[in-house]
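**Q** Quick one, structure for this:
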Amino acid sequence: MKTPVTKKDFRNHLTYSWWKYALLAVIAIFGWNLIYTVTEYQPPKNKCIDMFIFGSGEQALLDVYMEDVRQKEMSDMEAMSSVFQVLDETYTPMQIMTYVAAGEGHLFMLPKDYFQNYSSEGSFLPLENIPGLTDWLDASGVSYDRGWRTYNETGERHLYGIPMAAFPGFSQYAYGYDEHFLSISVTNGNDENSAKFLKLFLEDMLDPNHTIPLPAETE
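**A** Below you'll find the predicted structure:
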(Lines give C-alpha, C1' and ligand atoms only; values in the text may rest on other atoms or scores of the structure.)
Protein backbone atom coordinates (compact mmCIF):
# COMPACT_ATOMS: atom_id res chain seq x y z
CA MET A 1 0.00 0.00 0.00
CA LYS A 2 1.43 3.38 -1.09
CA THR A 3 2.10 5.97 1.61
CA PRO A 4 0.13 9.16 0.87
CA VAL A 5 2.14 12.29 0.12
CA THR A 6 1.74 14.94 2.79
CA LYS A 7 2.15 18.70 2.45
CA LYS A 8 5.35 18.43 4.45
CA ASP A 9 6.74 15.80 2.08
CA PHE A 10 5.82 17.99 -0.88
CA ARG A 11 7.51 21.06 0.64
CA ASN A 12 10.65 19.05 1.34
CA HIS A 13 10.63 17.76 -2.22
CA LEU A 14 10.42 21.29 -3.61
CA THR A 15 13.15 22.48 -1.27
CA TYR A 16 15.69 20.00 -2.62
CA SER A 17 14.40 19.51 -6.18
CA TRP A 18 13.19 22.97 -7.27
CA TRP A 19 16.14 23.31 -9.64
CA LYS A 20 14.90 20.32 -11.63
CA TYR A 21 11.62 22.09 -12.40
CA ALA A 22 13.43 25.32 -13.22
CA LEU A 23 15.70 23.39 -15.59
CA LEU A 24 12.70 21.71 -17.24
CA ALA A 25 11.04 25.12 -17.70
CA VAL A 26 14.17 26.57 -19.33
CA ILE A 27 14.49 23.54 -21.62
CA ALA A 28 10.83 23.82 -22.59
CA ILE A 29 11.12 27.53 -23.39
CA PHE A 30 14.34 27.02 -25.35
CA GLY A 31 12.83 24.11 -27.27
CA TRP A 32 9.75 26.12 -28.16
CA ASN A 33 11.82 29.07 -29.33
CA LEU A 34 14.01 26.76 -31.39
CA ILE A 35 11.01 25.15 -33.05
CA TYR A 36 9.48 28.56 -33.75
CA THR A 37 12.73 29.88 -35.22
CA VAL A 38 13.22 26.85 -37.45
CA THR A 39 9.64 26.76 -38.70
CA GLU A 40 9.12 30.54 -38.99
CA TYR A 41 8.99 31.75 -42.58
CA GLN A 42 12.21 33.45 -43.70
CA PRO A 43 12.15 35.58 -46.87
CA PRO A 44 14.67 34.48 -49.51
CA LYS A 45 17.79 36.61 -49.89
CA ASN A 46 16.57 38.19 -53.10
CA LYS A 47 13.43 39.40 -51.32
CA CYS A 48 14.98 41.20 -48.36
CA ILE A 49 17.50 43.90 -47.52
CA ASP A 50 19.40 44.02 -44.23
CA MET A 51 21.73 46.89 -43.36
CA PHE A 52 24.16 46.56 -40.44
CA ILE A 53 25.43 49.83 -38.98
CA PHE A 54 28.33 49.57 -36.55
CA GLY A 55 27.72 52.48 -34.21
CA SER A 56 24.79 54.03 -32.38
CA GLY A 57 21.65 55.78 -33.52
CA GLU A 58 17.87 56.02 -33.52
CA GLN A 59 16.76 52.49 -34.34
CA ALA A 60 13.03 53.18 -34.34
CA LEU A 61 13.37 56.11 -36.74
CA LEU A 62 15.54 54.16 -39.14
CA ASP A 63 13.07 51.27 -39.04
CA VAL A 64 10.35 53.70 -40.15
CA TYR A 65 12.57 54.94 -42.98
CA MET A 66 13.37 51.41 -44.18
CA GLU A 67 9.71 50.42 -44.25
CA ASP A 68 8.81 53.64 -46.06
CA VAL A 69 11.36 52.85 -48.78
CA ARG A 70 10.08 49.30 -49.04
CA GLN A 71 6.50 50.41 -49.52
CA LYS A 72 7.16 53.29 -51.92
CA GLU A 73 10.29 52.34 -53.84
CA MET A 74 10.97 48.61 -53.40
CA SER A 75 7.60 46.98 -52.94
CA ASP A 76 8.87 43.72 -54.41
CA MET A 77 10.91 43.24 -51.23
CA GLU A 78 9.23 41.20 -48.51
CA ALA A 79 11.32 42.63 -45.68
CA MET A 80 13.82 45.44 -45.14
CA SER A 81 15.59 46.05 -41.87
CA SER A 82 18.51 47.84 -40.27
CA VAL A 83 20.42 47.04 -37.09
CA PHE A 84 22.77 49.25 -35.08
CA GLN A 85 25.64 47.12 -33.79
CA VAL A 86 27.57 48.19 -30.69
CA LEU A 87 31.25 48.77 -31.44
CA ASP A 88 33.56 46.60 -29.37
CA GLU A 89 37.27 46.03 -30.02
CA THR A 90 36.95 42.35 -29.15
CA TYR A 91 33.63 41.32 -30.67
CA THR A 92 33.16 43.67 -33.64
CA PRO A 93 35.85 42.03 -35.83
CA MET A 94 34.36 38.60 -35.11
CA GLN A 95 30.86 39.85 -35.90
CA ILE A 96 31.86 41.32 -39.25
CA MET A 97 33.83 38.22 -40.25
CA THR A 98 30.97 35.94 -39.20
CA TYR A 99 28.30 37.95 -41.03
CA VAL A 100 30.26 38.11 -44.28
CA ALA A 101 31.30 34.44 -44.14
CA ALA A 102 27.71 33.33 -43.45
CA GLY A 103 26.22 35.63 -46.08
CA GLU A 104 24.22 37.55 -43.50
CA GLY A 105 23.49 41.21 -44.18
CA HIS A 106 23.45 43.07 -47.47
CA LEU A 107 24.89 46.49 -46.64
CA PHE A 108 27.48 47.33 -44.01
CA MET A 109 28.28 50.76 -42.58
CA LEU A 110 31.66 50.55 -40.87
CA PRO A 111 34.11 52.93 -39.20
CA LYS A 112 37.17 53.78 -41.31
CA ASP A 113 39.62 51.28 -39.80
CA TYR A 114 37.25 48.33 -40.14
CA PHE A 115 36.24 49.40 -43.64
CA GLN A 116 39.85 49.61 -44.78
CA ASN A 117 40.76 46.22 -43.34
CA TYR A 118 37.81 44.27 -44.70
CA SER A 119 37.66 45.97 -48.09
CA SER A 120 41.34 45.14 -48.66
CA GLU A 121 40.45 41.50 -47.98
CA GLY A 122 37.75 41.51 -50.66
CA SER A 123 34.72 41.48 -48.34
CA PHE A 124 32.77 44.07 -50.35
CA LEU A 125 31.54 44.55 -53.90
CA PRO A 126 33.19 47.09 -56.23
CA LEU A 127 30.67 49.94 -56.26
CA GLU A 128 32.03 51.55 -59.43
CA ASN A 129 30.23 48.75 -61.29
CA ILE A 130 26.80 50.00 -60.17
CA PRO A 131 25.28 51.73 -63.22
CA GLY A 132 25.05 55.50 -62.78
CA LEU A 133 26.37 55.63 -59.21
CA THR A 134 29.68 57.43 -59.77
CA ASP A 135 28.06 59.75 -62.34
CA TRP A 136 25.48 60.74 -59.74
CA LEU A 137 28.13 61.21 -57.05
CA ASP A 138 30.17 63.42 -59.37
CA ALA A 139 27.14 65.48 -60.37
CA SER A 140 26.19 65.88 -56.69
CA GLY A 141 29.67 67.07 -55.74
CA VAL A 142 30.30 64.11 -53.43
CA SER A 143 33.97 63.24 -52.93
CA TYR A 144 34.45 59.49 -52.73
CA ASP A 145 38.20 59.17 -53.26
CA ARG A 146 38.68 57.69 -49.79
CA GLY A 147 36.39 54.82 -50.71
CA TRP A 148 38.89 53.39 -53.20
CA ARG A 149 40.93 50.58 -51.72
CA THR A 150 43.41 48.02 -53.03
CA TYR A 151 42.36 44.37 -52.95
CA ASN A 152 45.38 42.60 -51.47
CA GLU A 153 44.96 39.38 -53.44
CA THR A 154 45.03 40.97 -56.89
CA GLY A 155 46.47 44.43 -56.33
CA GLU A 156 43.44 45.96 -58.09
CA ARG A 157 41.85 49.16 -56.76
CA HIS A 158 38.08 49.38 -56.46
CA LEU A 159 35.48 51.66 -54.94
CA TYR A 160 34.49 49.51 -51.99
CA GLY A 161 32.71 52.11 -49.87
CA ILE A 162 31.03 55.51 -49.92
CA PRO A 163 32.20 58.01 -47.25
CA MET A 164 29.17 58.95 -45.17
CA ALA A 165 30.59 62.34 -44.13
CA ALA A 166 29.06 63.88 -47.27
CA PHE A 167 25.50 62.85 -46.33
CA PRO A 168 24.16 65.21 -43.64
CA GLY A 169 20.63 63.81 -43.74
CA PHE A 170 21.82 60.74 -41.89
CA SER A 171 22.43 62.83 -38.78
CA GLN A 172 18.77 62.33 -37.89
CA TYR A 173 19.33 58.60 -37.58
CA ALA A 174 22.90 58.05 -36.33
CA TYR A 175 25.59 59.65 -34.17
CA GLY A 176 29.25 60.13 -35.03
CA TYR A 177 29.13 58.55 -38.48
CA ASP A 178 31.40 61.04 -40.28
CA GLU A 179 34.23 58.48 -40.51
CA HIS A 180 31.95 55.63 -41.61
CA PHE A 181 31.75 54.05 -45.05
CA LEU A 182 28.76 52.33 -46.67
CA SER A 183 29.52 49.09 -48.51
CA ILE A 184 27.75 46.08 -50.02
CA SER A 185 28.79 42.66 -48.80
CA VAL A 186 30.31 40.41 -51.45
CA THR A 187 28.19 37.53 -50.09
CA ASN A 188 24.88 39.43 -49.89
CA GLY A 189 23.12 37.21 -52.44
CA ASN A 190 21.01 40.10 -53.74
CA ASP A 191 23.36 42.37 -55.71
CA GLU A 192 20.78 44.15 -57.83
CA ASN A 193 18.44 45.15 -55.02
CA SER A 194 21.30 45.95 -52.66
CA ALA A 195 22.67 48.38 -55.24
CA LYS A 196 19.22 49.87 -55.78
CA PHE A 197 18.74 50.48 -52.07
CA LEU A 198 22.23 51.95 -51.68
CA LYS A 199 21.48 54.54 -54.37
CA LEU A 200 18.07 55.42 -52.90
CA PHE A 201 19.53 55.69 -49.41
CA LEU A 202 22.39 57.98 -50.50
CA GLU A 203 20.01 60.18 -52.49
CA ASP A 204 17.82 60.65 -49.42
CA MET A 205 20.71 61.22 -47.02
CA LEU A 206 22.38 63.80 -49.25
CA ASP A 207 19.54 66.19 -48.43
CA PRO A 208 20.35 68.03 -45.16
CA ASN A 209 16.63 68.72 -44.77
CA HIS A 210 15.64 65.12 -45.25
CA THR A 211 12.49 64.54 -43.24
CA ILE A 212 11.71 61.39 -41.35
CA PRO A 213 8.61 59.80 -42.89
CA LEU A 214 5.72 59.12 -40.57
CA PRO A 215 4.32 55.59 -40.27
CA ALA A 216 1.55 54.82 -42.72
CA GLU A 217 -1.86 55.49 -41.18
CA THR A 218 -4.15 52.56 -40.73
CA GLU A 219 -7.81 52.82 -41.39
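
**Q** Let me know how buried Leu133 is, in neighbour terms.
**A** For Leu133, the count of nearby residues is 18 (other Cβ atoms under 10 Å). C-beta: built from backbone N, CA, C; applies to glycine.

**Q** One more: Thr90?
**A** Residues contacting Thr90 under the criterion other Cβ under 10 Å number 6.

**Q** Repeat that for the one 10 residues further on.
**A** If you count neighbours by other Cβ under 10 Å, Val100 ends up with 20.

**Q** From Ile49, how far out is Asp68?
**A** Asp68 sits 13 Å away from Ile49, going by Cβ to Cβ, to the nearest Å.

**Q** Neighbour count for these two, which is higher?
**A** When Asp68 and Ile49 are compared for neighbours, Ile49 comes out ahead with 28 against 17, by other Cβ under 10 Å.

**Q** Spatially nearest residue to that one, not counting backbone neighbours?
**A** In this structure, Ile49 finds its nearest non-sequential neighbour in Met80, 4.5 Å apart by Cβ to Cβ, 6 or more residues apart in numbering.

**Q** Report whether the expected contact of the one you found with Tyr65 is present.
**A** No: counting by Cβ atoms under 8 Å, Met80 does not reach Tyr65; the two are 9.5 Å apart.

**Q** give me the number of residues near the residue nearest to Ile49?
**A** Counted by other Cβ under 10 Å, the residues lying close to Met80 total 24.

**Q** Check Ile96 too.
**A** Here the count is done by other Cβ under 10 Å, and Ile96 has 22 residues near it.

**Q** Strands of this protein, residue ranges please.
**A** Ranges of strands in the chain, per DSSP state E, are 48-54, 56-57, 79-85, 107-111, 148-150, 157-159, 162-163, 174-175, 180-184.

**Q** For Thr134, find the nearest of those strands.
**A** Using Cβ to Cβ as the measure, strand 157-159 is the one of the strands of the chain that comes nearest Thr134, at 7.2 Å.

**Q** strand partners of that closest one, parallel vs antiparallel please.
**A** Here strand 157-159 has these sheet partners by DSSP bridges: strand 148-150 (antiparallel).

**Q** Can you give the distance of stretch 104-112 from its chain's centre?
**A** Distance of stretch 104-112 from its chain centroid, counting by Cα atoms, centre = their mean, to the nearest Å, is 7 Å.

**Q** what pLDDT, on average, does that stretch get?
**A** Stretch 104-112 shows an average pLDDT of 95 in the prediction.

**Q** Distance to Leu137 added to the strands of the chain, as CSV?
**A** CSV is the format used below for those (distance: least, Cβ to Cβ, whole Å):
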stretch, distance to Leu137
strand 48-54, 19
strand 56-57, 23
strand 79-85, 22
strand 107-111, 16
strand 148-150, 12
strand 157-159, 9
strand 162-163, 8
strand 174-175, 20
strand 180-184, 12
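
**Q** Any idea which of the ones you listed gets closest to Asn209?
**A** Taking Cβ to Cβ, strand 174-175 is the member of those nearest to Asn209, at 16.9 Å.

**Q** Tell me which residues touch the residue nearest to Ile49, please.
**A** Taking Cβ atoms under 8 Å, 6 or more residues apart in numbering as the definition of contact, the neighbours of Met80 are 48-50, 66-67, 69-70, 74, 197.
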